[in-house]
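Student: Here is the input, now give the coordinates:
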Amino acid sequence: MLDSLESPLRLALVAEDPLARGALSRALADQGGEDLTIAAAGTLAELEAARAEPPDVVLWDVGLRLSEAEGRLEAPELSAPVLALVSDEAAGELALAAGARGLLFRDATPSALLAALQAVARGLAVFEPSLSPVRSTPRASTSTPTSPEPLTPREREVLSLLAEGLSNKAIADRLAISEHTAKFHVNAVLAKLGVQRRTEAVVRAARLGLVTL
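Tutor: Presented below is the predicted three-dimensional model:
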């Protein structure tokens, strides 16, 4: 039974794979019973066309085809917190950078999944231990400083825009600077945070409390 929430809990399920979508819908329907309503679709556009009222929480199945080379993800924007199902840590980092408020592996049990959805709907953050943005990172180089070199006000602005998933051109447009200058600031942010990729910068900044995802 769901408690401490207005029943039924309205869930929006976005999963491109029809088999995964069907399996998730059935498992959650069996687990949640009458206290859960599910609107499921393969794409955000299909879901927005089908849903009658805004959801309390979004379950986003990232899928298996994601590769880190894709660079970024676009999380569903339904004015509700998003719990992402991912296949590995790399996909988790991209989903977190895209705005997901919680991360679980795709093989999570229905009971664990429903509990996580309830928590995310209440405004809490839920992460698998190995996917937590605040976990320790033993594989990091010992030369990487615990506290990075302070960012300038402009670099903080750039970091905030990186957290929104903006490209160098979009950052330049937002700050009314040249794309070359935006790239310079992005590289400076990466260097100060001790990372090589934009998604890593956002995740590390979140761990350090420099940005809120």
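Student: any idea which residue sits dead centre in the chain?
Tutor: Nearest to the mean C-alpha position of the chain, by Cα atoms, centre = their mean, lies residue 100 at 2.3 Å.
Student: May I ask you to confirm that that residue belongs to a strand?
Tutor: No: counting by DSSP: H, G, I helix; E, B strand; the rest coil, residue 100 falls outside a strand, being coil.
Student: wait, what's in contact with the closest residue to it other than its chain neighbours?
Tutor: Nearest residue to residue 100, sequence neighbours excluded (Cβ to Cβ, 6 or more residues apart in numbering): residue 84, at 3.9 Å. Every C-beta, even on glycine, is put in place using the N, C-alpha and C of the backbone. Counting by Cβ atoms under 8 Å, 6 or more residues apart in numbering, residue 84 touches 60, 61, 62, 75, 92, 95, 96, 100, 102, 103, 104.
Student: Pick the one among those closest to residue 167.
Tutor: Proximity of the contacts of residue 84 to residue 167 was ranked by Cβ to Cβ; the top entry is residue 75 with 16.5 Å.
Student: For the helix or strand harbouring the residue nearest to residue 100, buried residues please.
Tutor: Element membership of residue 84 [criterion: DSSP states H and E] is strand 82-86. Across strand 82-86, burial judged by 16 or more other Cβ atoms under 10 Å covers 82, 83, 84, 85, 86.
Student: and those, which two are the farthest apart?
Tutor: 82 and 86 (11.8 Å).
Student: any idea how far residue 205 is from residue 128?
Tutor: Computed as Cβ to Cβ, to the nearest Å, the residue 205 to residue 128 distance reads 21 Å.
Student: And the two? Which one has more around it.
Tutor: residue 205 (25 against 17; other Cβ atoms under 10 Å).
Student: A helix includes that one, no?
Tutor: Yes: per three-state DSSP, residue 205 lies within a helix segment.
Student: That one is in contact with residue 211, isn't it?
Tutor: Yes: applying Cβ atoms under 8 Å as the test, residue 205 and residue 211 come out as touching, 4.6 Å apart.
Student: list residues touching both of those two?
Tutor: 159, 163.
Student: list the buried ones in stretch 205-213?
Tutor: Buried, per 16+ other Cβ under 10 Å, within stretch 205-213: 205, 206, 207, 210, 211, 213.
Student: Tell me the predicted confidence for the first one.
Tutor: Put plainly, it is residue 205. With respect to pLDDT, residue 205 scores 83.
Student: need the contact list for it.
Tutor: 159, 162, 163, 193, 211.
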